[in-house]
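J.: requesting a structural model of the entry that follows:
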Amino acid sequence: MIEKIKGHLYLVPVPINQSDKTSILLPKDKYIVEHLNYFVVENVKTARFYLNALNLNHPIQSLEFNVINSSTSNEAMINYLNPIQQGFNIGLLSESGCPAIADPGAKLVALAHQKDIKVIPMIGPSSILLALMASGLNGQQFKFHGYLPSEKSNRIKKVISIENESKKNNETQIFIETPYRNQHVFNDLIETLNEQTQLCIGSNITSENESIVTKKIKDWKKIITIDLKNKPCIFLLQR
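T.: Here you go, the predicted structure:
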């Protein structure tokens, strides 16, 4: 009996700046995406917007989309992967940037490995790596923490903890925040961190208003007005 050939799970990057319709895919990757019929996405609207800009070879209405988020069950994800068992390829898309990095798509990738499905990442932008590259901080040893606690006292405890960890291990510490809370986080960092600690703030990465600036805390304090509210930001620190 001839075993049916499985499809692959492709990790398809999406522009970080959602208003950018420019294809970020390599030509060989764009060709693959143009021929996919099945997608697992964090946000259907964002996915349709991006895929439509690629001028696919078939109507976008003919594509099948399944949504993945933090509450998606394993049973649902197993069903999402069914086309692969039938020989079809599937594309996994984050809302922005690279899928499975600070993204619920990581659960689907883990499940694919459990089922011996080949996972193929495509080259694309990650705000984490882009900010680290441009920060001037330690790129040999670094740690990503995701989101800090939302409650102020717990957030400050976490900030102190990761600053101490940075000093002890000579690591760059990286974290993100929801745009509406960025200003509060920045204020806490300025008030809490050692004046010699280096802080890098990357905002609007890959957009026309991109800013990636690294300063010691004592120098950040000299800047009178810093407006980070409602801007996508990533924070990096090194003590």
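J.: okay, and Leu236 sits in which element?
T.: Using DSSP states H and E, Leu236 sits within strand 233-238.
J.: how far is that strand from where the chain is centred?
T.: Computed by CA atoms, centre = their mean, to the nearest Å, the separation of strand 233-238 from the middle of its chain amounts to 14 Å.
J.: which positions within the helix ranked longest in the chain qualify as buried?
T.: The single longest helix within the chain, with elements called by DSSP state H, is helix 152-169. Applying a neighbour-count criterion of 16 or more other CB atoms under 10 Å, one finds Arg155, Ile156, Lys158, Val159, Ile162, Glu163, Ser166 buried in helix 152-169. From N, CA and C alone the C-beta is placed, and that goes for glycine too.
J.: just the pLDDT for the third one.
T.: In the prediction, the pLDDT value recorded for Lys158 is 96.
J.: and it, how close does it get to Ala76?
T.: Separation of Lys158 from Ala76 (CB to CB, to the nearest Å) stands at 32 Å.
J.: repeat for the fifth one
T.: As judged by CB to CB, Ile162 and Ala76 stand 34 Å apart.
J.: same check on the second one?
T.: When distances are taken as CB to CB, Ile156 and Ala76 turn out to be 38 Å apart.
J.: before we move on, what about Pro104?
T.: In this structure, Pro104 and Ala76 are 12 Å apart, going by CB to CB.
J.: now Thr178
T.: Relative to Ala76, Thr178 is positioned 26 Å away (criterion: CB to CB).
J.: one more: Asn55?
T.: 31 Å.
J.: neighbour-wise, which of these two wins?
T.: Between Asn55 and Ala76, counted using other CB atoms under 10 Å, the more crowded position is Ala76 (14 against 9).
J.: could you name the helices and strands sitting against the helix or strand of the chain with the lowest mean pLDDT?
T.: For the chain, using mean pLDDT, DSSP states H and E, the weakest element among its helices and strands is helix 44-53, scoring a mean of 89. For helix 44-53, the elements it packs on are strand 38-41, strand 64-67, strand 90-93, judged by 3 or more CB pairs under 8 Å, 6 or more residues apart in numbering; DSSP states H and E.
J.: let's see 10 Å
T.: strand 9-12, helix 27-34, strand 38-41, strand 64-67, strand 90-93 (3 or more CB pairs under 10 Å, 6 or more residues apart in numbering; DSSP states H and E).
J.: figure out which of the ones you listed is closest to Ser203.
T.: Taking CB to CB as the criterion, strand 90-93 is the member of those that comes nearest to Ser203, at 23.4 Å.
J.: list the buried ones in the closest one?
T.: Using 16+ other CB under 10 Å as the burial criterion, the residues of strand 90-93 that qualify are Ile90, Gly91, Leu92, Leu93.
J.: could you find the closest non-adjacent residue to the last one?
T.: Pointing back at Leu93 there. Computed as CB to CB, 6 or more residues apart in numbering, the closest residue to Leu93 that is not its neighbour in sequence is Val41, at 4.5 Å.
J.: which residues touch that neighbour?
T.: Taking CB atoms under 10 Å, 6 or more residues apart in numbering as the definition of contact, the neighbours of Val41 are 12, 14, 47-48, 50-51, 65-68, 91-95, 99, 105.
J.: ok, now Asn187?
T.: Taking CB under 10 Å, 6+ apart as the criterion, Asn187 is in contact with Lys152, Ile226, Leu228.
J.: any idea how far the first one is from Ile190?
T.: With distances defined as CB to CB, the gap from Lys152 to Ile190 amounts to 14 Å.
J.: repeat that for Gly87.
T.: The span separating Gly87 from Ile190 equals 55 Å under the rule CB to CB.
J.: quick revisit: mind saving the C-alpha coords of the strand holding Leu236 as PDB?
T.: Listed next in PDB are the C-alpha coordinates belonging to strand 233-238 (Å, rounded to 0.1, in the frame of the first residue of the first chain):
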ATOM      1  CA  CYS A 233       6.800  49.400  21.000                       C
ATOM      2  CA  ILE A 234       9.400  47.000  22.200                       C
ATOM      3  CA  PHE A 235      11.700  47.500  25.100                       C
ATOM      4  CA  LEU A 236      15.200  46.200  25.700                       C
ATOM      5  CA  LEU A 237      17.500  46.800  28.700                       C
ATOM      6  CA  GLN A 238      21.000  45.900  29.700                       C
END
